[in-house]
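Enquirer: below are the sequence and a predicted model for it; my questions follow.
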Amino acid sequence: MPRNRIPTTAALIALAIACRYTQAQSWSLVWSDEFDGTELDTNSWSYQTGTGTAYGLPAGWGNNELQYYTNRTSNVSVSGGTLKITAIEQNFGGEAYTSGRIRTLGLRDFLYGRIEASIKLPSTSGVWPAFWMLPTDSPYGGWASSGEIDIVESVNTATTIYGTIHHGAPWPNNQSNGNAVTTGIDYALGFHEYAIEWEPDEIRWYLDGALFHTVTSNQWFSSVATGNPRAPFDVPFHLLLNVAVGGNFPGDPNGSASYPQTLEVDYVRVFEQQQAPFGGTPHAVPGVIEAEDFDTGFNGQSYFDCDPGNNGGAYRDTGVDLQTSSESGYNIGWMCQGEWLEYTVDVANAGMYQIETRVASPSTGGSFRLEVDGQDLTGPIQVPVSGGWQNWVTVTGTLELEAGEQVIRFANLGGALDAYNLNVFTFSAIGGCSDADIVEPLGVLDFFDIAAFLSLFSASDPSADYVDDGVFDFFDVAAYLSLFADGCP
């Protein structure tokens, strides 16, 4: 039987999944099949039948397999909250076994995300179950130059789990990169969660939440797209579930084989990674933002880094190059032409702000600017030569910001040979401090501002209602003093 199941209403399932993922990793559920019905959902899945010849493959699905795939309920069924794909030893269509193979081609196609399934694997000589992905349109040519992602496979006894990509040139010059995990567990005895997290420059494999393999874009390629380092894994793929019998990987069943054998699936879920503030809360402006606390998300979404992997290896699991700073916390390093970082901020008040940025460059200098929605806010801010990677200096600029939550982009403008490090941003209001700065001269917070507030408060003036609830009480005083404590630039 499957694990204790979430109540079968879609709302409760979505809520439970959101609680599990959203806070920690900013994943958002975009599709799932919980297999709570009584038949396969043909709005999401279609059958593949036969021996492969109908799909342009040699008989045996190109792998010398022994099964004939059908759409019969004896081979593919949904009941009791699970999908069941069953391989049976029986003569059919000229083959000695029947089984099932389903896919989401043209119905549910995905580019990047977390793809996971809870599966109980079959286990006997010759059995070959798989949960995997193929490109929807194969824009880079025939297998495997357009890629294949195997989320989980096992062969024969279900004691070793495989996660693999196939790439490179068309067969027979194809390449693969994978890992096998043997933990002492028999994965046929219960449900286990198999997942990948797929980003533009990295694919990671997980078994019951534990990472067991990682491949980056500098380890894969497509021979027909040599100028594109993300090919072939930069286009939509679809999902497949099947149970093969025999073939090149497991070999044919031997005398110990026992059939029927069933692959049982409790759920399949697909998530998108959402851009979100690092730590979950937007950075306050005015205030200080550590450069390493850019938004969560993948390369090309919340940041752009020109090479896969974190060169410094510090602080966060991200493709951005980070290292320990001599000054405070960590800094961005290995700056490359065209790189950018985004920060979700909450601006207290609309107006002009000064931006002070700590930078270091041993010999070349560089330049950058800040943007919102592609609009240049600062113009080029020059980075001078400071004489060392950790010899920090301050550069300044000004920008006008609207009030409220928004995403500010740091955009490197330096050329291919310009190199510098980035550490801290400090935003300060110009021409006033905050809503606590209520008397002339603006830009100075002192006793006269407090006196003016108390006078307004005692008169129940609406401008002293700092929590905007129509009541004049301690909370308004506390709110004013909090703003006053923020100080001035």
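Expert: Thanks, I have it.

Enquirer: from here on, contacts and neighbour counts on C-alpha atoms
Expert: Fine.

Enquirer: ok, the closest residue in space to Glu65 that isn't next to it in sequence - contacts?
Expert: Sequence neighbours aside, Gly247 is the residue nearest to Glu65 in space, at 4.1 Å (criterion: C-alpha to C-alpha, 6 or more residues apart in numbering). Each residue near Gly247 by C-alpha atoms under 8 Å, 6 or more residues apart in numbering is listed here: 60, 63-66, 126.

Enquirer: from those, which is closest to Gly287?
Expert: Asn63 (60.8 Å; C-alpha to C-alpha).

Enquirer: neighbours of the closest one, just the number please.
Expert: Around Asn63 there are 15 other residues, counting by other C-alpha atoms under 10 Å.

Enquirer: let me see the backbone angles for it.
Expert: The phi and psi values for Asn63, taken as degrees, to the nearest 10, are phi -130, psi 10.

Enquirer: pretty sure it sits against Gly251.
Expert: No - between Asn63 and Gly251 there is no contact under C-alpha atoms under 8 Å: 10.1 Å.

Enquirer: output the below-cut-off pLDDT ranges for the stretch 251-400 of the chain.
Expert: Confidence mapping of the stretch 251-400 of the chain against pLDDT under 70 gives zero matching residues.

Enquirer: the residue nearest the centre of the chain pairs with what?
Expert: Nearest to the mean C-alpha position of the chain, counting by C-alpha atoms, centre = their mean, stands Gln273 at 3.9 Å. As for beta bridges, Gln273 partners with Trp27 under DSSP bridges.

Enquirer: need the longest strand for the chain.
Expert: Criterion DSSP state E: the longest strand present in the chain is strand 351-372.

Enquirer: after that strand, which helix or strand is next?
Expert: Note on strand 351-372: by DSSP states H and E, the next helix or strand toward the C-terminus is strand 375-376.

Enquirer: what sits up against the helix or strand just after that following strand?
Expert: Downstream of strand 375-376, the next assigned helix or strand under DSSP H and E is strand 381-383. Applying C-alpha under 8 Å, 6+ apart, the contact partners of strand 381-383 are 359-361, 365-369, 395-397, 420.

Enquirer: same question, stretch 71-80
Expert: Residues from elsewhere that reach stretch 71-80, judged by C-alpha under 8 Å, 6+ apart: 35-40, 47-49, 83-88, 98-100.

Enquirer: just checking, Gly313 touches Gly319?
Expert: No - with contact defined as C-alpha under 8 Å, Gly313 does not count as touching Gly319 (9.3 Å).

Enquirer: so which of the two has more stuff around it?
Expert: Gly319 (21 against 15).

Enquirer: got the phi/psi numbers for the more buried one?
Expert: According to degrees, to the nearest 10, Gly319 has phi -80, psi -10.

Enquirer: got a list of what it touches?
Expert: Shown in contact with Gly319 (C-alpha under 8 Å, 6+ apart): 298-299, 305, 307-310.

Enquirer: of the contacts of Gly247, closest to Asp150?
Expert: The shortest gap between Asp150 and any of those belongs to Asn63, at 15.3 Å (C-alpha to C-alpha).

Enquirer: sec struct for Leu107, please.
Expert: Counting by DSSP: H, G, I helix; E, B strand; the rest coil, the backbone at Leu107 sits in coil.

Enquirer: hang on, it packs against Trp31?
Expert: No - contact between Leu107 and Trp31 fails when scored by C-alpha under 8 Å: they sit 11.2 Å apart.

Enquirer: what are the boundaries of the helices in this structure?
Expert: Applying DSSP state H to the chain gives helices spanning 10-25, 447-458, 474-485.

Enquirer: need the contact partners of the second one.
Expert: For helix 447-458, contacts defined as C-alpha under 8 Å, 6+ apart pick out 436-439, 463-465, 472.

Enquirer: repeat that with 7 Å
Expert: With contact meaning C-alpha atoms under 7 Å, 6 or more residues apart in numbering, helix 447-458 is reached by 436-439, 464, 472.

Enquirer: a markdown table for those, including neighbour count?
Expert: Formatted as a markdown table, the contacts of helix 447-458 follow (neighbours: other C-alpha atoms under 10 Å):
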| residue | neighbour count |
| --- | --- |
| Ala436 | 25 |
| Asp437 | 25 |
| Ile438 | 20 |
| Val439 | 17 |
| Ala464 | 25 |
| Phe472 | 19 |
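
Enquirer: pull the most distant pair out of those.
Expert: Largest separation among these by C-alpha to C-alpha: Val439 and Phe472, giving 20.4 Å.

Enquirer: from Gly100, how far out is Gly126?
Expert: 15 Å (C-alpha to C-alpha, to the nearest Å).

Enquirer: scratch that, Leu445
Expert: 74 Å.

Enquirer: so which of these two has more stuff around it?
Expert: Gly100 (30 against 22).

Enquirer: now the more buried one: closest residue in space, sequence neighbours ignored.
Expert: Of all residues not flanking Gly100 in the chain, Tyr69 sits nearest, at 4.9 Å (C-alpha to C-alpha, 6+ apart).

Enquirer: that neighbour pairs with what?
Expert: Gly50, Ser99.

Enquirer: ok, Asp305 touching Glu339?
Expert: Yes - with contact defined as C-alpha atoms under 7 Å, Asp305 and Glu339 form a contacting pair (5.4 Å).

Enquirer: among the two, which residue is more densely surrounded?
Expert: More crowded of Asp305 and Glu339, by other C-alpha under 10 Å: Asp305, with 23 against 19.
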